[in-house]
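Novice: Provided below for reference: sequence and predicted model.
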Amino acid sequence: MNSSSSITPAYLGNDQGPAGLEKIATGKVRDIYALDSEHLLFVTSDRVSAFDVVMNDGIPDKGRVLTRIAQHWFGKTQDIMPNHLVSTRIEDVNTLDNQWQDLLRGRSMIVKRCQPDPIEWVVRGYITGSGWKEYLEKGSVCGLALPAGLQQAQQLETPLVTPTTKHEVHDMPLSPSEAEEMMGKVRWDAGKEAVLALFERGTQELAKIGILLADTKFELGICKGEVLLIDEALTPDSSRFWPADQYKIGGSPPSLDKQILRDYLETLDWNKEAPAPDLDPAILNKVRAGYLDICQRLTGELPEGVQA
């Protein structure tokens with residue numbers, strides 16, 4: 001990744017994990033451990049995925065950056081929707097020895113156990129990515145008809161909620177009517193209202209630091225009858241961020257997120273299925289720089305121990 005000795009090597013996760021903690025799930029980026037009947041430990045690794053495939057290489061400090069950004073947004077959106085975060089202090093997990101505390105510090109969240117929704121709540125403010133591809137073919141996004149004549153990266157008149165399934169291999173788009181059938185009308189309507197409000201809050205806050213929120217995805221879950229914002233929120237892993245001063249319609253704007261990696265992968269002779277290709281270290285460095293830039297602009301600092 002980088003010849004500088006100040007950058008810690010990427011943490012890709014450990015198959016066993018800390019002694020005394022039961023690993024109950026491994027996602028593309030996060031490892032989840034049981035703490036007790038009401039709490040889980042979310043550990044955000046430096047793994048990176050694209051097109052639902054985990055790459056062989058990680059991005060140093062990515063997990064710490066994502067955790068810091070998620071913590072920031074959980075604090076900024078509590079008035080809209082409560083969330084599952086309890087603590088980011090790894091010292092609060094008293095079964096860990098010093099070595100594991102050092103390894104997991106800054107990349108861990110103690111969270112409330114929730115029953116996650118069976119869908120991901122994707123919100124789009126601009127037409128880009130897979131939405132743009134569908135629009136070119138069908139004049140719609142996730143089955144929602146859009147006006148003719150839109151250009152790539154154009155802002156939509158109003159943000160769209162375009163849900164997807166949650167699948168271990170590939171998430172699949174759902175029409176709003178399909179999502180409503182899965183969730184029930186009351187939950188769908190309430191969730192839609194909440195994620196649109198979260199998207200608007202993110203749009204407003206990011207505009208203050210010169211960033212456009214093109215699209216993002218939220219995850220919601222139920223804990224003791226209450227709907228919570230879970231997983232992460234408005235990070236470079238789950239969102240498209242565009243520098244406002246470089247934005248123009250008619251093409252794919254520069255990114256401060258994972259789109260840099262996706263664009264690079266599109267140039268390779270790769271079928272977007274495992275196994276992942278080996279990556280150019282320069283691309284990983286570029287993605288890392290974008291993540292650090294977002295974190296610094298948003299929170300005013302880099303996570304403890306992270307060097308630019």
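Specialist: All right, it came through fine. Numbers count the residues shown, from 1 in each chain.
Novice: Name the surrounding residues that touch stretch 132-146.
Specialist: With CB atoms under 8 Å, 6 or more residues apart in numbering as the test, stretch 132-146 has contacts from 124, 127, 131, 148, 150, 152-153, 156, 160, 162-163, 173-177. For the C-beta atoms, the positions are set from N, CA and C on the backbone; glycine is no exception.
Novice: Name the nearest of these relative to L35.
Specialist: Using CB to CB, P163 comes nearest to L35 of these, at 29.9 Å.
Novice: which ones are touching that closest one?
Specialist: P163 sits in contact with 119-122, 142, 173-174, 176, 178-179, where contact means CB under 8 Å, 6+ apart.
Novice: Just those: which are in strands?
Specialist: Within those, residues falling in strands by DSSP state E are 119-122.
Novice: of all these, which two lie farthest apart?
Specialist: I119 and V122 (8.9 Å).
Novice: Mutual contacts of the two, please.
Specialist: 163-164.
Novice: More neighbours: which of those two?
Specialist: Applying other CB atoms under 10 Å to I119 and V122 shows that V122 carries more neighbours, namely 24 against 21.
Novice: what is the more buried one paired to in the beta sheet?
Specialist: Beta bridges link V122 to K217, judged by DSSP bridges.
Novice: Could I get the pLDDT score of it?
Specialist: Listed pLDDT for V122 reads 97.
Novice: For it, give its distance to A207.
Specialist: Going from V122 to A207 by CB to CB, to the nearest Å gives 20 Å.
Novice: same deal with G20?
Specialist: For G20 relative to A207 (CB to CB), the value is 45 Å.
Novice: The stretch 101-250 of the chain: helices as residue ranges?
Specialist: 129-138, 176-183, 185-207 (DSSP state H, counting those that start in this stretch).
Novice: Tell me which of those helices approaches M81 most closely.
Specialist: helix 185-207 (5.1 Å).
Novice: Sketch out the low-pLDDT regions of the stretch 51-200 of the chain for me.
Specialist: Where the stretch 51-200 of the chain drops to pLDDT under 70, the residues are 168-169.
Novice: Endpoints of stretch 27-40, how far apart?
Specialist: 14 Å (CA to CA, to the nearest Å).
Novice: Of all the residues in that stretch, which ones are buried?
Specialist: Neighbour counts over stretch 27-40 (16 or more other CB atoms under 10 Å) mark 29-33, 35, 39-40 as buried.
Novice: Contacts made by that stretch with the rest, please.
Specialist: Taking CB under 8 Å, 6+ apart as the rule, stretch 27-40 contacts 13, 17-18, 21-26, 41-45, 47-49, 52, 54, 63, 66, 86, 93, 110-113, 231, 237.
Novice: pLDDT on that stretch, on average?
Specialist: 96.
Novice: got it, and stretch 296-308?
Specialist: Here stretch 296-308 scores 94 as its mean pLDDT.
Novice: Contacts for that stretch next, please.
Specialist: With contact meaning CB under 8 Å, 6+ apart, stretch 296-308 is reached by 4, 6-8, 61, 64-65, 67-69, 72, 105-106, 205-206, 209-211, 289, 292, 295.
Novice: Then stretch 179-190?
Specialist: Stretch 179-190 is contacted from outside by 117-119, 163, 174, 176, 191, 227, using CB under 8 Å, 6+ apart.
Novice: quick one: that stretch to chain centroid distance?
Specialist: 23 Å (CA atoms, centre = their mean, to the nearest Å).
Novice: Next: stretch 275-284.
Specialist: Relative to its chain's centre, stretch 275-284 lies at 20 Å (CA atoms, centre = their mean).
Novice: Then stretch 114-130?
Specialist: Counting by CA atoms, centre = their mean, stretch 114-130 comes out at 10 Å from the chain centroid.
Novice: try stretch 196-210
Specialist: For stretch 196-210 - counting by CA atoms, centre = their mean - the centre lies 16 Å from the chain centre.
Novice: That concludes my questions; thank you for your assistance.
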